[in-house]
Structure formats: C-alpha cells, structure tokens
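Enquirer: What follows is a predicted protein model with its sequence.
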Amino acid sequence: MQTHILGYPRIGSNRELKKACEQYWTGKTDVTALLETGKTIKENNWKLQQEAGIDLIPCNDFSYYDQVLDMTLTVGAIPQRYQEIASQKHELDLYFSMARGFQKEGLDITAMEMTKWFDTNYHYIVPEFRKDQEFSLFSDKIIKEFISAKEAGIRAKPVMIGPVTYLLLGKEKEEGFDKLDLADKLLPVYLQILKELENHGAEYIQFDEPFLALDLSEKAKETYRFVYSEIRKYFPDLKFILATYFEGLLDNLSLASSLPADVLHIDLARCPEQLDEVLQAIPETLSLSLGIVDGRNIWKNDFEKSLHFIDKAVRKIGSGRVFIAPSCSLLHVPADLDAENNEEILSGEIKQWMAFAKQKVHEIVVLKKLASENPDYHTLQQLAANKKAIENRSTSALIHHPEVKDRVDVTTAEDAKRSSPFKARKKSQQDILQLPLFPTTTIGSFPQTKEVRAWRSKFKKGELSAAQYDALLKEETERTIRWQEEIGIDVLVHGEFERNDMVEYFGEQLAGFAFTQNGWVQSYGSRCVKPPVIYGDVHRPAPMTVYWSEYAQSLTKKWVKGMLTGPVTILQWSFVRDDQPRSLTCKQIALAIRDEVTDLERAGIRIIQIDEPAIREGLPLRTSEWQSYLKWAVEAFRISASGVEDSTQIHTHMCYSEFNDIIQNIANMDADVITIECSRSQMELLNAFSDFQYPNEIGPGVYDIHSPRVPSKEEMVELLKKAQAVIPAEQLWVNPDCGLKTRHWEETEKALIAMVAASKEMSEVFAL
C-alpha cells in the first residue's frame, strides 16, 4: 500500500510567494530573488512530505501564478500578441504578462482570460487556441523541477495537467474548429516531456484529468482513448496515475478504467458512493488511489470511516493495488494548523476538529499505518484521539441554536418574492433615483493602501484605539466620496476601507463562524484569501454595515450603495460545516443578510448591492444536479433581497463565469441591476443576456481590474458600443469588472476618469 499527495499549497506557510511576486512586479527585487523564494518553498514542501512518510511526493505542483498557465507556457501555446515580449524578456516576464497584461516600454498588451477552476474559488488562466495552433516545448520547468527534487533525495512524482483536460480548459478564439481537434498536434509535446522525464529516472507520472468526472461528449471520450493509447505505446514502462477529482466517475467509469494507466485516482470525499462500482469495474492491471482525506475542506478526517473504505478496497483487490491520498490537491486548504496559536481567534475546542495541509499529510500516513496488520501503540493512540475529536464535534453545544432552526422552518415562498415585478419597480426607482443614461458606478471596494492595512494591523494589536481607527477610516472614506463626486461618478460607494475581505468581514460579525490567523488559500496569482469556517448555526447578532453606509451617505447628495456579500458567496467562499446540507446553511445566511438589507433601507440607503460572484461557481459539475442546486441558491438570494420596498434598487455582481447555461436562473434572481465581468472576453459574455433578452438592467465591466494596465477612454467606448449593440441602452450601466481593492490609486484614478468620459461620450451620442 502506497501513499501519495496530488499537490501541496505553493504560497508558503507565511505567504512568502505572494510577497516575493509582488516585490518583483513592482521592481523592488530581481528575478534571482523570486526564483530563490520559489526554490525554498518547493524544497520545504518536499521535505515536509518526505519526513512525514509519504511514498510518492509531487513535483511541478508548484507555480508562480497558475498551473494551467504553466502548461500553456510549457507547450508553447503563447498568443501572438505576446511574441515581442517572448523574444525580448525573461521567461517569467512573459509568463506574468500573459497573466496580468503588459503596459510599459511602448507596449500595451491585454491579459489572457481568467475563470474559475471547476467549482472552486481558485482562478486559472484560460488557454487560447486557434485553428492553425502549433505547439512546441517552450518551457522545461517540469523537467527542471523533477531533477531538483531528485537531487534533493525526493522520490518525486511529476504532476501535469492531462492533455485532454488541458484542451477542454481552453477556448477557441476563432470559429470553424473544435479545440479537441488539436490533440494530435499537442500530443508530440507531451511525448517529448515524458521522454525527458523518463531519461532522468521518473517512475510515476500523475496526469490530472478532472474532466473524466464531468459530462463528456463522445468526441471527448474518443480523444481520451486516442491520447492515452498513444502515450502508452511510446512509454510502456512509465507508470501513469490518472487523477480524477471533484466528482464521481459515474457514467465515465468504463472509459476511465479502460484507459492504459497504472493507477486510477477517485475522489471519495465528494462521491463516496462510487467506491463499490469502481471496485467492480477496474481490471486487474489497474491499481486504485483512494481520495479519502478531503482536500477541499478543513475538517479532521474520520479515521474509522476512512478505514472502512480502505478495508473494502483491500479485501477486493489486495493491499498492493491500493494507494491512499487526499481527494484532490491540497492547494485548496491552508498550509499548517500549527500556526493557529491564538485561542482568542480560534478556540481550542474548534481547532481540535480541524486539519490543514500539513495535518492532512500526516492523516494519510496514519491511515496507512492503521490499515496495516499490526499498527503500533502510538498509532492506536492517534486513532483513539481522532475518535474523541469526532465525537466532541458531533455533540458540542457551540454548534446548535434552536431559534435559528425555527426561523428557517417558518420561512415561506412569500419571503423570496419582491412586492412587484421589475417593470413596476423600475419606474418607482427611477422616480426617486433620477439616474442618467449609462449611469456609472464601481463594484464596491477602492484600493486598500499600505496605510489602510497598517491602520487595521495597529488597531488589532491595540496600538490604535477604536476612536483613532474610526477617525482614520472616516477620513479615507470622505476623501473617496469627494473624489468620486469630483470625477462625476453617478452612484458612489464608500470604499470598504473598514473591511479585510468581502466574506471574512461578514463572517466576523455573524454567529456560527470561526476564523484563523494564517489560514490563507490562493485564489489567483498573488491573491490569497482567508476563508472563514462555518462550524455552527448562522445568525446576525447586530447590524454589520449600517454605520459606514449611513456615514458615507451623510457626506453627499448623490446616492451611495450599501455593499453586502450574498449568502451563496459567503457559503462558497467559506469552509462549510459538513454535518448538514449546504442548502440549509445557505438559508440561514440568507436570513441574516435579509435583516441587514432591511436595516440599510430603514437607514435611508436606496441602492443595495448583494454580491453573488460565486453563484455560477457553486454549480455541481454534473448537469443532472444543476436544477436542485439552482433552486435553493436562487431562493437564498431572493430571501436576502426581497424584504425591501419597490423603490429600493437591488444590485448583484458576478464575475469570471460563463452564464449561457444558467441565464434563466440568473433572471430568476430578479435583481434590479446585475454587474458582470466582461472586458477580458471583449463583451462575449453579453451574448447570453442578449439571446435570452434579459429583462432587467446590466452593467458589463468595461475594464479589467485584475491587470495593472489602464485602458483608454476609446477602448472603453468600443466595449460599450459592443454592449449597446446587443443590449438596449436604457438597460446598460457602466462599471469596472470587479472591486478595486487590489489595485493602486494611480491606476484606479486614471481608469475611472476614462470610464466616466466613455459613459459621457455614449450619453452624448444617444442625446443627438
């Protein structure tokens, strides 16, 4: 029986990679310093797993930005617009330009698209394919990392995105071909990589093929058969691990088990019921990797349940064909629970229920020992301690609140309906709001400067009093309100300087949430989030945002939006309790947000934004399960939004998602205004809203806030013209793609001034 890890967090236990990348981007350090930080993180990760006793340790799971972008660079799928950078700059500069765009030295190049990695909050850079696409080995990162691991004495297992999944993750950038048609062009590069790895002594190769757990076309299935039969033909001696995760194999089981691999990995955290069928289906030549430790959540593994799975597999196929692993890469959980040593932030009782990446590595090793014929005394003690923690969690008084459960039970369908249909609400809102054609706004947050972050840090350390901190935030808020007035934005925001994160901020004020000091998880690039932990029943003890919204509105005669995070996004971007249905937890959050919405309205806030960027992300990976999810997700949003009068305008925001398949459900949310990310796709996402004839108002993002480049007014006008060609002008708002928290003030000011000018130009055209 062997143990292995599919992937390990790469940001470093103290976010060393984030800091190193950002220093490099701003020119404070050189490429040597960045590469040295990456080397240290990789070596620390390898040694941690080796010392824990893991048999096969992943390499090439490290990335400076994104593993899909790594593969794009490796196979040379570099879009034409980057060729000048490719010929002149360091490989890392090209790499970061593809992720973030490039705007200096006389060049102005847009970034590649970014979207969610399946149903996670991780974002990947979308490969771009053309009909005449050529591939060639451009970057040898994967080979260098295997050599480095080998020299460090590591039994390394190179990890790469499988060729079919890589193609399916990409997007055709012109019509007239299917990206799967590129498989025969892509395959030689994979074969070249494998030959190099084999020459350097690689034993196992992990191909990540999560699409095997999704709905597949017949063409995709044929592509799988073709690609892996070719790979096996050239490499009869290499051992291939085919890694699937995030869902069960289901109807793809016969396909997956027939591919010429040596080990098939399945996700038993997401789909435990698939084990029996898989054990019946796999041939004698195929070993089975049991993904029994949840790589997506932070709860301690229940050893007794996991041992049941292991025992079942061993009895059926023998211990020599069983591998033990996390369900997926540990990229999606924080690095080390040992760093949580402040009981005022995370109580000891809740901490004992949890496991981060380092602890999950040890869980895998302990499970292997427990599954052996004669586990030692220390291992049996670990089993007893695990059982005690699991029992403590199930009976803890911290978790259950009868009054919260009672309120959910008495919620009716009427609680999820506005008083009047949108057409009537629109008239009522316009009578009060008096907004112009192409009204401008932002998505909510403004740049959180190092000064703002320093104030927060000093306040938490007790170096600033509450009154001092409040005064500083008010000063920053007023400055931001005045600046928005000055440049002519129509609907203002207060800037959210009091907030650390759009989910964490609310979680800190809701009952049933716990927090960490260092529970950072990579969202994209250098962007890290610290998800709250929902451990118990959720309710709102007191108003959360009214104070700052009221203050901001008191400063101006223009309308200021109240800014909230929606229930589905709070759910999706937290580590969620697994002892009740997610739908029930979501409804509890929805009722808490509803209370906040009605309090904002009573305080005179007439425009309220309830952000739901994660509603598309939460879709089950199998279409057969979509409607069940969408029913409760849409209902939760509507519960949160429907307690207000017709004249109060409800906004929502979504980003980095494809909407075509769920446009009816988005319409069912019945938000008065939806703002969406559109600039990276050049307004392509609007086609879904146009084809559907979306009835409410829409704010397509006119510039990409995840890139430091500043678009011109003319560029934004062109995007607005594209939008107006498919959406009536009276339905359009003008806004950035997303919040501006991560940007710098200089670029923000230039971009928003250009955005307002673009709106005015469009308004003038329609006034003629």
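Expert: Everything's here; your move. Note that the structure is a prediction, hence the values are computed from the model and not measured. Residues are numbered from 1 along each chain as shown.

Enquirer: Please name the nearest non-neighbouring residue to D294.
Expert: With sequence-adjacent residues excluded and distances taken as CB to CB, 6 or more residues apart in numbering, D294 is closest to A269, at 3.9 Å. All C-beta spots, glycine's among them, are computed from the backbone N, C-alpha and C.

Enquirer: Count the neighbours of E273 for me.
Expert: Counted with other CB atoms under 10 Å, the neighbours of E273 add up to 9.

Enquirer: An error on my part: the question was meant for E105.
Expert: Under the criterion other CB under 10 Å, the count of neighbours that E105 has is 10.

Enquirer: Could you do T623 as well?
Expert: Neighbouring residues of T623 were enumerated by other CB under 10 Å; the total is 11.

Enquirer: That one and K219, how far apart?
Expert: In this structure, T623 and K219 are separated by 17 Å, where distance is defined by CB to CB, to the nearest Å.

Enquirer: Same question for L275.
Expert: Following CB to CB, the distance that separates L275 from K219 is 29 Å.

Enquirer: neighbour count winner among those two?
Expert: When L275 and K219 are compared on other CB under 10 Å, the one with more neighbours turns out to be L275, at 20 against 12.

Enquirer: Quick one: residues contacting that one.
Expert: With contacts defined as CB atoms under 8 Å, 6 or more residues apart in numbering, the neighbours of L275 are 266, 268, 290, 309, 312-313.

Enquirer: rerun at 7 Å
Expert: Under the criterion of CB atoms under 7 Å, 6 or more residues apart in numbering, the contact partners of L275 comprise 268, 309, 312.

Enquirer: Also W299?
Expert: By CB under 7 Å, 6+ apart, W299 lies in contact with 353-354, 578.

Enquirer: phi, psi of H706?
Expert: In this entry, H706 is assigned phi and psi values of phi -90, psi 10 (degrees, to the nearest 10).

Enquirer: What distance do you get for the residue nearest to the spatial centre of the chain to V503?
Expert: Central residue of the chain (CA atoms, centre = their mean): N121, 1.4 Å from the mean position. As judged by CB to CB, N121 and V503 stand 9 Å apart.

Enquirer: which residues are in contact with both of the two?
Expert: Residues touching both N121 and V503 (CB under 7 Å, 6+ apart) are W573.

Enquirer: Just the residues contacting the helix or strand where I390 lies, thanks.
Expert: Under the criterion of DSSP states H and E, I390 resides in helix 377-395. Counting by CB under 7 Å, 6+ apart, the neighbours of helix 377-395 from elsewhere in the structure are 300, 302-304, 352-353, 366, 369-370.

Enquirer: Off-centre distance for it?
Expert: From the chain centre to the centre of helix 377-395 is a distance of 32 Å (CA atoms, centre = their mean, to the nearest Å).

Enquirer: Which pLDDT value belongs to the residue nearest to Y629 when sequence neighbours are not counted?
Expert: Distances taken as CB to CB, 6+ apart place P620 nearest to Y629, at 5.5 Å, with adjacent residues excluded. Looking at P620, its pLDDT reads 94.

Enquirer: Likewise for the one 5 residues further on?
Expert: Among the per-residue scores, E625 shows a pLDDT of 95.

Enquirer: burial count for it?
Expert: Neighbours of E625 (other CB under 10 Å): 12.

Enquirer: separation between it and E349?
Expert: Plainly put, E625 is 34 Å away from E349 if you go by CB to CB.

Enquirer: Highest neighbour count among the contacts of W299?
Expert: M354 (24 neighbours).

Enquirer: Now do the helices in the stretch 251-400 of the chain.
Expert: Under the criterion DSSP state H, counting those that start in this stretch, the stretch 251-400 of the chain contains helices at 253-258, 275-281, 303-317, 348-351, 357-370, 377-395.

Enquirer: nearest to W117, of the ones you listed?
Expert: For the helices of the stretch 251-400 of the chain, proximity to W117 was assessed by CB to CB; helix 357-370 is nearest, at 17.1 Å.

Enquirer: ok, and what's touching stretch 177-185?
Expert: Residues contacting stretch 177-185 (CB under 7 Å, 6+ apart): 129, 131, 133-135, 163, 167, 170, 172, 219-220, 223, 226-227.

Enquirer: List the buried residues in that stretch.
Expert: Buried residues in stretch 177-185, counted by 16 or more other CB atoms under 10 Å: 179-180, 182-183.

Enquirer: okay, now N44: neighbour count?
Expert: Using other CB under 10 Å: N44 sits among 15 other residues.

Enquirer: Helix or strand: which one has it?
Expert: With elements delineated by DSSP H and E, N44 resides in helix 31-52, which encompasses its position.

Enquirer: Can you list the buried residues in that helix?
Expert: Of all the residues in helix 31-52, those buried under the rule 16+ other CB under 10 Å are 34, 37-38, 41-42, 45-46, 48-50, 52.

Enquirer: top of the contacts of helix 377-395 by neighbour count?
Expert: Within the contacts of helix 377-395, neighbour counts (other CB under 10 Å) peak at F303, which reaches 23 neighbours.

Enquirer: one step back: what sits up against the next helix or strand after the helix holding N44?
Expert: Using DSSP H and E, the helix or strand that directly follows helix 31-52 along the chain is strand 57-59. Identification of contacts with strand 57-59 by CB under 7 Å, 6+ apart yields 5-8, 46, 49-50, 145-146, 149, 154-159, 206.

Enquirer: Contacts made by whatever helix or strand comes next after strand 57-59 with the rest, please.
Expert: The first helix or strand that comes after strand 57-59 along the chain, using DSSP H and E, is helix 67-74. Taking contacts as CB under 7 Å, 6+ apart, the residues outside helix 67-74 that touch it are 63, 95, 98-99, 124-125, 127, 138-139, 141-142, 160-161, 166, 169.

Enquirer: Keep only those of those that are in helices.
Expert: The helices, defined by DSSP state H, take in 95, 98-99, 141-142, 166, 169 from these.

Enquirer: which secondary structure elements does the host helix or strand of Q724 contact?
Expert: Q724 is part of helix 713-726 when elements are defined by DSSP H and E. Packed against helix 713-726 by the contact rule (3 or more CB pairs under 7 Å, 6 or more residues apart in numbering; DSSP states H and E) you find helix 686-692, helix 745-767.

Enquirer: which regions of the stretch 601-750 of the chain sit below the pLDDT cut-off?
Expert: Under the criterion pLDDT under 70, the flagged ranges of the stretch 601-750 of the chain are 656-659, 679-686.

Enquirer: quick one, strands of it?
Expert: Ranges of strands within the stretch 601-750 of the chain are 607-611, 649-654, 673-676, 697-700, based on DSSP state E, counting those that start in this stretch.

Enquirer: Restricting to C-alpha, output the helix holding Q724 in CSV.
Expert: Once non-C-alpha atoms are left out, helix 713-726 reads as follows in CSV (Å, rounded to 0.1, in the frame of the first residue of the first chain):
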residue,chain,number,x,y,z
LYS,A,713,-11.4,56.0,-23.0
GLU,A,714,-11.6,54.9,-26.6
GLU,A,715,-11.1,51.3,-25.6
MET,A,716,-14.0,51.5,-23.2
VAL,A,717,-16.2,53.3,-25.7
GLU,A,718,-15.6,50.4,-28.1
LEU,A,719,-16.7,47.9,-25.5
LEU,A,720,-19.8,49.9,-24.6
LYS,A,721,-20.7,50.1,-28.3
LYS,A,722,-20.4,46.3,-28.4
ALA,A,723,-22.6,46.1,-25.4
GLN,A,724,-25.2,48.5,-26.8
ALA,A,725,-25.3,46.5,-30.0
VAL,A,726,-26.9,43.6,-28.1
